[in-house]
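>>> Need the 3D shape of this:
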Amino acid sequence: MLFRAGNADAEMIAGRAKQFASLRLSGELPGSIWGQHSHVVRVRDEGHYQGIVAYIKKHIHKQAKLWEHPKFREIPNQE
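Predicted structure coming up:
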């Protein structure tokens, strides 16, 4: 899960989002919908962000689902 938390407690936000999604999807998808070893990592810079996005996309072949808000699909050039 990749999201913007600003200065907020990212762990609390992630936990609530995962709980909400799990409850909403429990009738449609059997079993767990989240990976076992997830943890919160603050994004350091643009390169780190791109690496995280690439890591997430690599898991699509393992039946992972990817949804990106259209606003963030392409990052404007920072020149």
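>>> Under the pLDDT cut-off, which ranges of the protein? List them.
64-66, 72-79 (pLDDT under 70).
>>> Which stretches in it count as helices?
10-25, 46-58 (DSSP state H).
>>> For the shortest one, list every residue counted as buried.
Buried residues in helix 46-58, counted by 16 or more other CB atoms under 10 Å: residue 53. All C-beta spots, glycine's among them, are computed from the backbone N, C-alpha and C.
>>> can you pull the alpha-carbon coordinates of it into CSV?
Output of helix 46-58 as CSV, limited to C-alpha atoms (Å, rounded to 0.1, in the frame of the first residue of the first chain):
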residue,chain,number,x,y,z
GLU,A,46,11.7,10.5,-6.0
GLY,A,47,14.0,7.6,-6.7
HIS,A,48,12.8,5.8,-3.6
TYR,A,49,9.2,6.4,-4.7
GLN,A,50,9.8,5.0,-8.1
GLY,A,51,11.4,1.9,-6.6
ILE,A,52,8.4,1.3,-4.4
VAL,A,53,6.0,1.7,-7.3
ALA,A,54,8.1,-0.8,-9.3
TYR,A,55,8.2,-3.2,-6.4
ILE,A,56,4.4,-3.1,-6.1
LYS,A,57,3.9,-3.6,-9.8
LYS,A,58,6.1,-6.7,-9.8
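>>> do you know how far residue 53 is from residue 59?
11 Å (CB to CB, to the nearest Å).
>>> ah, wrong one, I meant residue 25
Counting by CB to CB, the gap from residue 25 to residue 59 is 17 Å.
>>> distance between the ends of stretch 25-32?
By CA to CA, to the nearest Å, the extent of stretch 25-32 from end to end equals 10 Å.
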